[in-house]
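Asker: only the shape, not the letters, is given here:
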């Protein structure tokens, strides 16, 4: 970082020195002639648009990975429930009940916590229960399939929690905001003061477009919060299917958790 600042400062000093001593020898023009402010605004606007586009692509990539991880976790949990059908009755019941409670804990508690970039400890209670149940099945053919499905569920959850945090550092966001302010201010300086209705309308449109791009970046960078968010649709579907399977195998049994995924007392 220090190297970049030093090189930039040296480049600025070199540019000012060239303007003072080399310009008279290389350019046959009066000292009052040269690039106007409006000539410099074009490159500034281009840089602003490119920066916003690059950051928007980065934020959108994080959003896409979060959505893929959410669906992958739901599919892995559904596979765990289906594989449990090959386990003995007692272990099958515990796994399917734990899957329902895990899905509820994710949907109700962890999903709301992820809007602030955080996770929840509630789903871990039931994932620990999966592993405790698997110990009773060691050596049986179904053991390997259950462990593989649970490992995939764990990996997808970890990816989902990773993508819940902002992928764009706050420093970059504030830099983009400052760049927007400088660009719009520079454009305003270049506008005529009279007979400028068309130019004012264009400035307003450009400001709205740049602002909208920055707002979208801010919103997409929080995949589980804001307006453009990822709903818990996939995990909710898996919860319903797991609850259906549990009820079909145990018509009179009660789930070990409440509607929020907390352990029932």
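Answerer: Done, it's in. Remember, it's a predicted structure, so these values are computed and weren't measured experimentally.

Asker: quick one, what contacts residue 95?
Answerer: 80, 81, 84, 87, 130, 133, 146 (C-beta atoms under 8 Å, 6 or more residues apart in numbering). Any C-beta I mention is one placed from the backbone N, CA and C, and that applies to glycine too.

Asker: how far away is the second one from residue 63?
Answerer: From residue 81 across to residue 63, the span is 28 Å (C-beta to C-beta, to the nearest Å).

Asker: that older thread, widest-spaced pair of the contacts of residue 95?
Answerer: 81 and 133 (12.7 Å; C-beta to C-beta).

Asker: those two: who's more crowded?
Answerer: Remark: of residue 81 and residue 133, residue 81 carries more neighbours, 24 against 20, as counted by other C-beta atoms under 10 Å.

Asker: that one contacts residue 96, correct?
Answerer: Yes. Shown here, residue 81 and residue 96 form a contact pair, counting by C-beta atoms under 8 Å, at 5.5 Å.

Asker: hey, what's in contact with both of those two?
Answerer: Here residue 81 and residue 96 share the contacting residues 242, 245, scored by C-beta under 8 Å, 6+ apart.

Asker: contacts for stretch 166-174?
Answerer: So stretch 166-174 is contacted by 55, 58, 59, 61, 62, 117, 217, 218, 221, 222 (C-beta under 8 Å, 6+ apart).

Asker: which residues touch the second one?
Answerer: In this case it means residue 58. By C-beta under 8 Å, 6+ apart, the contact set of residue 58 is 167, 168.

Asker: kindly report the same for the fifth one.
Answerer: Shown in contact with residue 62 (C-beta under 8 Å, 6+ apart): 163, 167, 220, 221, 223.

Asker: still on that earlier bit, of the contacts of residue 95, closest to residue 207?
Answerer: Nearest to residue 207, judged by C-beta to C-beta, of the contacts of residue 95 is residue 80 at 51.1 Å.

Asker: can you show me the helices along the stretch 51-200 of the chain?
Answerer: Assigned by DSSP state H, counting those that start in this stretch, the helices in the stretch 51-200 of the chain fall at 89-104, 111-114, 122-135, 141-164, 170-190, 197-220.

Asker: would you mark the buried spots in the fourth one?
Answerer: Same thing as helix 141-164. 142-143, 145-147, 149-150, 152-154, 156-157, 159-161, 163-164 (16 or more other C-beta atoms under 10 Å).

Asker: same deal with the last one?
Answerer: When neighbours are counted by 16+ other C-beta under 10 Å, the buried residues of helix 197-220 are found to be 203, 206, 207, 210, 213, 214, 216, 217, 218, 219, 220.

Asker: okay, the angle between that helix and helix 170-190?
Answerer: If you take axes from the mean of the first three to the mean of the last three C-alpha atoms, to 10 degrees, helix 197-220 sits at 180 degrees to helix 170-190.

Asker: now helix 197-220, how far from the centre of its chain.
Answerer: 23 Å (C-alpha atoms, centre = their mean, to the nearest Å).

Asker: now stretch 140-150
Answerer: 32 Å.

Asker: same question for it, mean pLDDT?
Answerer: Mean pLDDT, stretch 140-150: 91.

Asker: return the residues in contact with residue 223.
Answerer: 62, 63, 66, 67, 114, 163, 164, 229, 230.

Asker: sorry, slip of the keys, the one I care about is residue 129.
Answerer: By C-beta under 8 Å, 6+ apart, residue 129 lies in contact with 94, 98.

Asker: and residue 89, by the same measure?
Answerer: Counting by C-beta under 8 Å, 6+ apart, residue 89 has contacts residue 249.

Asker: any idea how far it lies from residue 96?
Answerer: 11 Å.
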